Structure formats: structure tokens, C-alpha cells
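[1] Give the three-dimensional model of this entry:
(chains A and B)
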Amino acid sequence: DVKVTQSSRYLVKRTGEKVFLECVQDMDHENMFWYRQDPGLGLRLIYFSYDVKMKEKGDIPEGYSVSREKKERFSLILESASTNQTSMYLCASSTQGTGAVDTQYFGPGTRLTVL
Amino acid sequence: GQNIDQPTEMTATEGAIVQINCTYQTSGFNGLFWYQQHAGEAPTFLSYNVLDGLEEKGRFSSFLSRSKGYSYLLLKELQMKDSASYLCAVSFGWGKLQFGAGTQVVVTP
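    You can find the predicted model right below:
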């Protein structure tokens, strides 16, 4: 079974703090993704990576950066947390290819609250 | 860009059938996914369609019409545990998915 883990289920930070969210997958997947999920808006892609040290902006990259130094690990960084970044953050991974192999497998999510 | 629409909420009774519609307008289409997400949990994969027609998996079926930009997820013999949010997502290249806002299905006794 694919396993995607995230470093924290719940996190509370203060405005202006630097925040690191870690994601690890154990299936040797090439692609990794960071989303945020807000009520009524669904999942929105922040960044994705299709290889080590490669990253691409998603739909809402502002205020975020990412790091992928190893294939199994993809980190999301909030350089200076703000209250509008309070959200559920979901990490996902998938293999590269076409068709159902593109299926993304999700981690349990990190609910981040910025005060 | 991508535009994906699905109803916000649907209610049905245990044992009934519910059909969740999803319409999309995309600039590129590789396939359509359906995910299930229980409250407080991660989305889990339900089904995938790339060609027109119906894919059946037990109590769940998914249909796709590429020419109409339309899909539906059919849940039969509803059970209480089917109460969840159902997410429609379009695959449009590089393994990326564009998600709809999700349909909350409430199953009542």
C-alpha cells in the first residue's frame, strides 16, 4: 500500500513565523504535490515537483516555497505565516505516466492555524 | 484554465441511489478522477475514466462523456458510511489534477 505521511496533524503558529510542513512517501513516486483545502473552494494546488530538486508553481504559490532534496520528501515552507494561510494542507504523490497510474495518493493532512 | 462544477450537497436515504454530476471546461484533458473524502481525513481514490462510457466498481459507477464535458458518480445501495464529500478532478497533464469544490453527500436512516 502507498503510504504518504505528514509531519503534523495539527499545528498552531503565530503571524510572521517561518513554518515547515514535511511530507514523506514510501512508494518511490516521481511526482509530489502540495494542496491547501478550504471550505467551498476545494483543493487548490500550491506547488508540485516531478523530480528531485525540480519544482513548479501551482495555482496559488504566493507566500509559499518548497524544497525537494530527496525523492521521498517534499517540504512546504511558509516564509512568514499570515492568518490567511490558516487552512488544511494536503500532500500527495503519484507516479509519472498516463491514465490511472497518475492516481494521486494523499497524506492525512495538516491543519494549520495561524494566530 | 480549468472550470469544474459539481453540486454542493446532496441528501439521500439509506439503500437509495444518488448520482453526483460533474461538468468541466478544460484546456487539456487526460482523464477524470473521483475521490471520496470523509470529514477530517485524506481523499481516497474511487475511480478513473479516460474513455467515454461507464466504469463499474461494486456499488460505485462512474460515467464520462468527453464531448459534453460531463461525468457522474453513481452510488448505489447507499450505506451510512457513504456520508462523505465526493471530489471530481480532471487530469490535464504532468500528473496534475484540477479539483472541483466537492459534493457533500448526507445519508439519512
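[2] OK, contacts around residue 60?
    Since you didn't name a chain, this refers to chain A. A:36, A:44-46 (C-beta atoms under 8 Å, 6 or more residues apart in numbering or on different chains). To be clear about C-beta, it is placed using only N, CA and C from the backbone, and glycine gets the same treatment.
[3] actually it's chain B I care about, not the one you picked
    Contacts of B:Phe60 (C-beta under 8 Å, 6+ apart): B:34, B:46-47, B:73-76.
[4] cool, and A:Tyr105?
    A:2, A:4, A:25, A:27, A:29, A:92-94, B:45.
[5] Tell me the confidence at it?
    We have a pLDDT of 93 for A:Tyr105.
[6] interface residues of chain B facing chain A?
    B:8, B:30-31, B:33, B:41-45, B:48, B:50, B:87, B:89, B:91, B:94-102 (C-beta under 8 Å from any C-beta of the partner chain).
[7] Quick check: ChimeraX command selecting the buried ones in those.
    Of the residues of chain B next to chain A, the buried ones can be selected in ChimeraX as follows, counting by 16 or more other C-beta atoms under 10 Å in any protein chain shown:
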select /B:30,31,33,42,43,45,48,50,87,89,91,95,96,97,98,99,100,101,102
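[8] which ones among the residues of chain B next to chain A are found in strands?
    B:31, B:33, B:44-45, B:48, B:87, B:89, B:91, B:97-99 (DSSP state E).
[9] Now compare those residues and name the two farthest from each other.
    Farthest pair in these (C-beta to C-beta) is B:Thr44 and B:Gln98. Separation: 18.3 Å.
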